[in-house]
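Q: pasting the sequence and the predicted model now:
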Amino acid sequence: MGARTPKEPVKSMVEPVCHVPYIQHTYDPPKCQNQSSCIDAVKWVQDFHMDTRGWDDIGYNYLLGGDGRIYVGRVMLDLAQKRVKCAIEMGVITHDYNCTDIETKHINMWLFLFVLTLLKSYTLASICDEITWVSRAEWGARTPKEPAKPMVTPVLHAFIHHTDDPPKCQNQSSCIDAVKWVQDFHMDTRGWDDIGYNYLLGGDGRIYVGRGWYACGRHTLGMNDKAIALSLIGNYESDAPSQLILDLAQKWVKCALEKGVITHDYQLHGHRDQTCTTCPGQRLYDIIKKWHNFKGGKLDTYVCNKTLTTISPSLDIDYDIEF
């Protein structure tokens, strides 16, 4: 395959011993159909993990390509006996199972469990696939003034905002105009490098990519490098979003969880829980208070930007549009 040398040797994993392997998808790059394109895809993943995420090596133990081949990622041979013991306890193999050497045993058993779990998981659709995403290219995003800082994931916090202005949009054309308006406002009026939010949710039932999952945003004072944010287009102080929009917002949270962007014990907040603002609007805030893992009230990190007397573009300052 031509894998790069890890920055540091992989640490031996002691636990878990008998957990069924986790099945994930890479999301990017797209599906590959032959060995050449799959090798390029695996190299892309390793480069992304090492250069963008700052990890020591590719993160996965194995990757399964559309060419029908399984590509070796991180191999931990010291786990071989534990994997085999796990398979025996699960009744997948008998006690007299044997292989010619420990490496073969490890790889065979790991792949056997991997494929077994994969087959069982085919009926489980990804929640992320239930969302219609609109890429930056599709909505016509401007080029950022500077590249966004990478954000170390998973993060603990997820924030819900509303844009306040522009008003609600009901079709893709008006929602694209709204997202462009927000980007122009953030870049030209606020002086930021790009649109501040990670994602924006339009009344057309689509989610628009802002800075994406893995970039620090400019959305929540004091939390931009340790949280992701979804902003609903419109003002929800007096009016509640439609059920379609509320369902999509919750799917976005579940997608973030599925992709490992937020931790399993994540905390969901409204923007007002971190700083002095009415965002995301009283009606919307009253609704998200009932959602899973919501934590409201002033957070321990709460800060009020109204107390700031000197504003510098270099500071990690964010306001909501109503300020």
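A: Cool, the structure landed. Values in this document were obtained by computation on a predicted structure and should not be read as measured data.

Q: avg pLDDT for stretch 34-54?
A: What stretch 34-54 shows for mean pLDDT is 87.

Q: who touches it?
A: In this structure, residues lying in contact with stretch 34-54 by C-beta atoms under 8 Å, 6 or more residues apart in numbering are 1-4, 7, 26, 28-30, 32, 55-60, 63, 65-67, 69, 71, 73, 150, 152-153, 214. For glycine as for every other residue, the C-beta is placed from the backbone atoms N, C-alpha and C.

Q: let's see 7 Å
A: 1-4, 7, 26, 29, 32, 55, 57-59, 63, 65-67, 69, 71, 150, 214 (C-beta atoms under 7 Å, 6 or more residues apart in numbering).

Q: distance check, the closest residue to His271 other than its chain neighbours against Gly73.
A: In space, and not counting its chain neighbours, His271 is closest to Cys279: 3.9 Å by C-beta to C-beta, 6 or more residues apart in numbering. Noted for Cys279: a distance of 41 Å to Gly73, by C-beta to C-beta, to the nearest Å.

Q: and the two? which has more neighbours close in?
A: Cys279 (30 against 19; other C-beta atoms under 10 Å).

Q: what secondary structure does the more buried one sit in?
A: With DSSP: H, G, I helix; E, B strand; the rest coil as the basis, Cys279 sits in coil.

Q: quick one: low-confidence ranges for the stretch 101-250 of the chain?
A: 101-125 (pLDDT under 70).

Q: just to revisit the earlier point, the contacts of stretch 34-54 in strands, which ones?
A: Counted as lying in strands by DSSP state E, out of the contacts of stretch 34-54, are 63, 71.

Q: buried by neighbour count, from the contacts of stretch 34-54: which ones?
A: Taking 16 or more other C-beta atoms under 10 Å as the criterion, what is buried in these is 26, 32, 57-59, 63, 65, 67, 71, 214.

Q: nearest the middle, which residue of the chain would you pick?
A: Val261 (3.5 Å; C-alpha atoms, centre = their mean).

Q: spit out the contact partners of that residue.
A: Applying C-beta under 7 Å, 6+ apart, the residues near Val261 are 153-155, 213, 228.

Q: also Met187?
A: 142, 145, 194.

Q: between these, which is closest to Gln172?
A: Within the contacts of Met187, the smallest distance to Gln172 is 18.7 Å, found for Arg142 (C-beta to C-beta).

Q: which helix or strand contains the nearest residue to that closest one once chain neighbours are set aside?
A: Leaving aside its chain neighbours, Arg142 sits nearest to Gln183 (6.0 Å; criterion: C-beta to C-beta, 6+ apart). Applying DSSP states H and E as the criterion places Gln183 in helix 172-184.

Q: tell me the buried residues in that helix?
A: Per 16+ other C-beta under 10 Å, helix 172-184 contains these buried residues: 172, 174-176, 178-180, 182-183.

Q: show me where the stretch 201-323 of the chain has helices.
A: Here the stretch 201-323 of the chain has its helices, by DSSP state H, counting those that start in this stretch, at 243-258, 282-288.

Q: out of these, nearest to Thr189?
A: helix 282-288 (23.9 Å).

Q: what's that closest one in contact with?
A: 160, 162, 232, 236-241, 246, 268, 270, 272, 294.

Q: could I get the contacts of Val261 as CSV with neighbour count?
A: Below are those laid out as CSV (neighbours: other C-beta atoms under 10 Å):
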residue, neighbour count
Thr153, 16
Pro154, 16
Val155, 19
Trp213, 18
Ile228, 31
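
Q: so which of the residues you listed are in strands?
A: 155, 228.

Q: Gly222: which of the contacts of Val261 is nearest?
A: Val155 (13.2 Å).
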